[in-house]
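> for reference, the sequence and a predicted model appear below.
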Amino acid sequence: MYGVVVDKRDDMSVQSKLTKLRVGVVLSSGGVRGVYAHTGFLLALEKMGVNVKAMAGCSAGAVVGGIYASGTSIQEWVAALSKITPKQFWSPSFLRMGYSFFFRKGRGYSGMSSTRMAMAFCYQHLKVKKFEDCKIPFYTLAKNLLHGCKTLFERGELAPRIVASAAAPLLYEPVQINNELYCDGALLELSPTDAICCKHQLDILIIHHVARHNKGNIGIKQLLQQPWSLIEVLNMLLYQQRPWYLSDDPISFRQCPCGCDAIIVVIEPDLPEILWPATDSGLKVLDNTSQQTMKLLEPYLDSIRYDKTSLIKEVKKSPASSNSDLECGIRYENLN
């Protein structure tokens, strides 16, 4: 009987290939649905063995990305979402709203809900308090109301800046940070793609885009029949633009427009709606997203982990996109 000799150098070679490419992730806005969808996406990446070296997130993506980057395991986060209720992140006061409008003519009223509960929820699930201590380098985007420009957060306390990125106008009051007011970063850019690919010398940047896109009059009429239709109208006005990187396909490929060699993989899953602030169907969206992510990435998984050469061919096949909406002017927060 003959034994089989295994050359351990081959195993080491395989392991080196598995960690060769640097992969980053960008998580878009997307409301409550986005929180569950991004969680399913990250769960799928872990199952497929994709190691994330840097992250950026906007609005819903800021919440999920910040908590995950802080070191919270995906299993812990899924468990938290399975128990969450709307009152844990949204606490509107209709009495205060009525008083402000009828007796004060709206003076001082800047949102239906304070961010206190949302802030407490983030603090509860973050493993570290500051960006600098995150397990994975993380960035998030918010709009500075004073300067009217996007501000990229990369330092300082996590929770306020995560919540600022997700503080949608009307739904929430703006968040005050260093004597300046900030609100939802999705007002400026649905995904902060310009935050990490060049800065971290990434080989692959995967954008998970789950922001709502209303198609034609049928989609608009359906939304107007739903509860909180005023909020849906506001969302349509604020977030109706389609980012430069999107196509009509569930997965597409781009090259970084900033000039680096990073390949951008864009995933836009087909998901059911979750109307604000419902959470009851969130876990179904999470599972659905996880399955779609694995199905979409599986044919390209070796290329994403080992060698991006074949993805360059996919870039050439993808429909051309206009980068006219790409903004290069970012204001970094001044912490001095």
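Arrived safely. Residues are numbered from 1 along each chain as shown.
> ok, L43 - contacts?
Residues counted as contacts of L43 (C-beta atoms under 8 Å, 6 or more residues apart in numbering) are I74, V78, L286, S290. Heads up, the C-betas are built off the backbone N, CA and C, glycines and all.
> what's L42 in contact with, if anything?
Counting by C-beta under 8 Å, 6+ apart, L42 has contacts V25, V52, V64, Y68, I74.
> surely it is within a helix?
Yes - counting by DSSP: H, G, I helix; E, B strand; the rest coil, L42 is found in a helix.
> the stretch 51-200 of the chain: strands as residue ranges?
52-58, 111-113, 138-144, 149-153, 170-172, 175-177, 180-184 (DSSP state E, counting those that start in this stretch).
> buried among the contacts of L42? Make that a PyMOL selection.
Buried subset of those, written as a PyMOL selection, criterion 16 or more other C-beta atoms under 10 Å:
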select buried, resi 25+52+64+68+74
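> measure A44 to I74 for me?
According to C-beta to C-beta, to the nearest Å, A44 and I74 sit 10 Å apart.
> likewise for Y172?
26 Å.
> for this structure, what helix or strand is lowest in average pLDDT?
Using mean pLDDT, DSSP states H and E, the weakest-scoring helix or strand in the chain turns out to be helix 8-18, at a mean of 47.
> need the next SSE after it, C-terminal direction.
Using DSSP states H and E, the next helix or strand after helix 8-18 towards the C-terminus is strand 23-27.
> which strands or helices does that following strand pack on?
helix 31-47, strand 52-58, helix 60-69, strand 204-208 (3 or more C-beta pairs under 8 Å, 6 or more residues apart in numbering; DSSP states H and E).
> change it to 10 Å
On a contact count with 3 or more C-beta pairs under 10 Å, 6 or more residues apart in numbering; DSSP states H and E, strand 23-27 meets helix 31-47, strand 52-58, helix 60-69, strand 138-144, strand 204-208, strand 263-267.
> note down every partner strand of that strand and its orientation.
strand 52-58 (parallel), strand 204-208 (parallel) (DSSP bridges).
> now those strands in JSON lines, with mean pLDDT and distance to D307?
Converted to JSON lines, the strands paired with strand 23-27 look like this (pLDDT from 0 to 100; distance: least, C-beta to C-beta, whole Å):
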{"stretch": "strand 52-58", "mean pLDDT": "96", "distance to D307": "17"}
{"stretch": "strand 204-208", "mean pLDDT": "96", "distance to D307": "11"}
